[in-house]
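Trainee: With the input below, show me the fold.
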Amino acid sequence: MNTSIIENLMYNQLFLAANYDLIISIAPNKDIKTRLHNFSADCKNNATFLDHFYQEINNTSFYPLLQKPVFHGNFKESLLWILNYIENSYRMFHINGYKKTYSEKEAKLLNYIAGNLNNHCIGVTQMLLTKNC
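Mentor: Numbers count the residues shown, from 1 in each chain. Okay, here's the model as predicted:
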């Protein structure tokens with residue numbers, strides 16, 4: 001993987017984590033707050049895994065300056081925005097996971113993160129479909 005792709009993927013995960021952290025403050029109950037916190041932690045761990053590849057190339061870590069996350073309406077509207085962001089993120093990781101230019105180790109990580117994002121999508125959809133929001 002080249003540096004710019006890793007930076008983009010790391011930014012994507014850290015920005016998603018920041019948005020999860022923001023909407024935790026307006027989550028309607030403790031169970032949903034816990035689930036959102038776990039999703040945020042997954043994204044931060046994904047960024048850490050990607051940083052290992054970045055360090056192999058550059059001998060330093062990457063610390064992106066993130067755009068400030070904002071609310072996208074009420075809790076339900078914010079979840080819908082996150083669902084759309086997850087979908088775009090999933091597509092980016094899934095497509096890159098099958099490029100022949102990446103090593104097997106890199107492809108496995110990208111596919112692992114894509115699977116993680118798929119689980120987030122299912123979890124957020126479940127939150128939206130229940131009467132908890």
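
Trainee: Summarise which helices and strands the longest helix that the chain contains is packed against.
Mentor: Criterion DSSP state H: the longest helix present in the chain is helix 30-58. Helix 30-58 is packed against helix 3-24, helix 104-129, with contacts defined by 3 or more Cβ pairs under 8 Å, 6 or more residues apart in numbering; DSSP states H and E. Every residue, glycine included, has its C-beta placed from N, CA and C.

Trainee: Measure how that helix sits relative to helix 3-24, angle-wise.
Mentor: 160 degrees (axes from the mean of the first three to the mean of the last three Cα atoms, to 10 degrees).

Trainee: Now do the buried residues in helix 30-58.
Mentor: 32, 35-36, 39-40, 42-44, 46-47, 50-51, 53-54 (16 or more other Cβ atoms under 10 Å).

Trainee: So for those, which is the shakiest by pLDDT?
Mentor: Among the buried residues of helix 30-58, residue 53 carries the lowest pLDDT, at 91.

Trainee: From residue 92, how far out is that residue?
Mentor: For residue 53, the distance to residue 92 equals 16 Å [Cβ to Cβ, to the nearest Å].

Trainee: Check residue 127 too.
Mentor: 23 Å.

Trainee: So for those two, which sits in the more crowded spot?
Mentor: residue 127 (21 against 18; other Cβ atoms under 10 Å).

Trainee: Please verify my assumption that that one contacts residue 33.
Mentor: No. Counting by Cβ atoms under 8 Å, residue 127 sits too far from residue 33 to count as a contact (10.9 Å).

Trainee: tell me the contacts of residue 69?
Mentor: For residue 69, the contacting residues are 15, 18, 19, 21, 22, by Cβ atoms under 8 Å, 6 or more residues apart in numbering.
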